[in-house]
Structure formats: structure tokens, C-alpha cells
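here you go, sequence then predicted model.
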Amino acid sequence: QHVLVQHIVPAVEGLESLLRGGCRVLDVGCGHGVSTRTLGAAFPKSSFHGVDYHAGSIEVARDACSLDNVTFATENATDAGGSFDLITVFDCFHDMSDPDAAARNFCSLLKEGGAVLLIEPMAGETIGENANIVAQTYSGFSVTCCLQCAMAGDGASKLGTVAPSSRHRAIFADAGFSSFSVVPVPTAAMNRVFYVKK
């Protein structure tokens, strides 16, 4: 929570001022709503709507939330609705059964000039770059958990935890986004932070 508000948000040019000034944010794959509540508490002028396909997690998120600027709903990444300035997708894009369709929906939900803040597990572009304990651990998670979740649903492509950044870039370009940036955040060493503009 500390890293998200104190390090990741300030590392993205213009994002902190956007959130402080007031905007509409969709938090996709919010689970129990920790990220949604964390951002909602830090940026009270903005409104945050957390969605997750798992109804039980949304119930937990609602019960744990007392913030007026935060709401939750049971929705899928591919069929969530609304109009937003920012979409956050934290450590769940690689779990999605149809990331291509999700990215296309994100583009349709964003206002002109809007963006996606995407956080994914750390990984390299090649097998050689992934010959380290972090990537090997993530690969184990991918086979036993993340890819299992993705394979349970429809969709032609599955990512897994160690999909290269070039694959993410291609998905968002094909979905209609105009720019894809890798944001360096030294304190988030276990993750890759991407900022994708419509």
C-alpha cells in the first residue's frame, strides 16, 4: 500500500496531480478492494470503482469499506461498463482468460486522453533474462495457479506471469492505445509498472 501511493503513483508523470485534482478511476481485478481503498483514502477528490469477477471477494471489499468515494461491483474485465479517466490493473492482467478483449474494453471505457496503470510481475524478454530466482518462482506460480485461472475461461491468448513486456505492448497497441511506457520504480523491484495512454 505504501509503495503504491508513495512511490508508484508519483513515478508516473502527471498521475498524482490527476488523482489529487479529482478523476474517475476503475480498479479492475480489485479482489478484496485493498488497492481501491488505499487509493480512495489517499485521493479523496477522486472516485474509485473496484470490480472483480468473484462475487465473494466483492462482498468482502464492500464490508471492509467506509469511504464515500469508493464503490464495488461484481463485473468482468471484458464487460465492465462506464466512463473513466484512469483504469488500474494490479497484478491480475496475466490471470485473465482473454487479455486482448479486456484491453479493447479498457480502451472503450476510457475518456479521450485517459490511461491504464498496469502492474505485472517482474520478467525479462527472453528465457535467459528469466534465469533467476524471481522469474523461476513466478513461473512456478504461473503453471500452478495463474495460467490455470486463465485457461478456465474463453479467449485465444493466455499470458502467464512471465510474459515479456513486448507482448503487453502489442496487446494494447492492437486494442487502440497510442502509447505504452515502462515506468522505472526501484522500490517495486518485484514488479513491472506500465502506463498506457489512449
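Yep, that arrived. Model, not experiment: these values are computed from the prediction. Numbers count the residues shown, from 1 in each chain.

give the residue spans of this structure that score low on pLDDT.
Scanning the chain for pLDDT under 70 picks out the ranges 1, 138-139, 141-148, 150-153, 155-156.

farthest residue from the center of it?
Gly128 (26.3 Å; CA atoms, centre = their mean).

check the offset of the one helix or strand Lys111 maps to from the chain's centre.
In the assignment (DSSP states H and E), Lys111 maps to strand 110-121. When distances are taken as CA atoms, centre = their mean, to the nearest Å, strand 110-121 is centred 8 Å away from the chain's centroid.

same question for stretch 189-196.
On CA atoms, centre = their mean, the centre of stretch 189-196 falls 10 Å from that of its chain.

mind listing what's buried along that stretch?
191-196 (16 or more other CB atoms under 10 Å). Placement of C-beta: from N, CA and C, glycine included.

what comes up buried for stretch 72-79?
Quick answer for stretch 72-79 (16+ other CB under 10 Å): 72-73, 75-78.

ok, now how distant is Arg169 from Arg192?
Applying CB to CB, to the nearest Å, the value for Arg169 to Arg192 is 11 Å.

next, the residue nearest to Cys30 when sequence neighbours are not counted: phi, psi?
Spatially, and ignoring its direct neighbours in sequence, Cys30 is nearest to Gly50 (3.4 Å; CB to CB, 6 or more residues apart in numbering). Dihedral pair for Gly50: phi -90, psi 130, per degrees, to the nearest 10.

cool, thanks, signing off.
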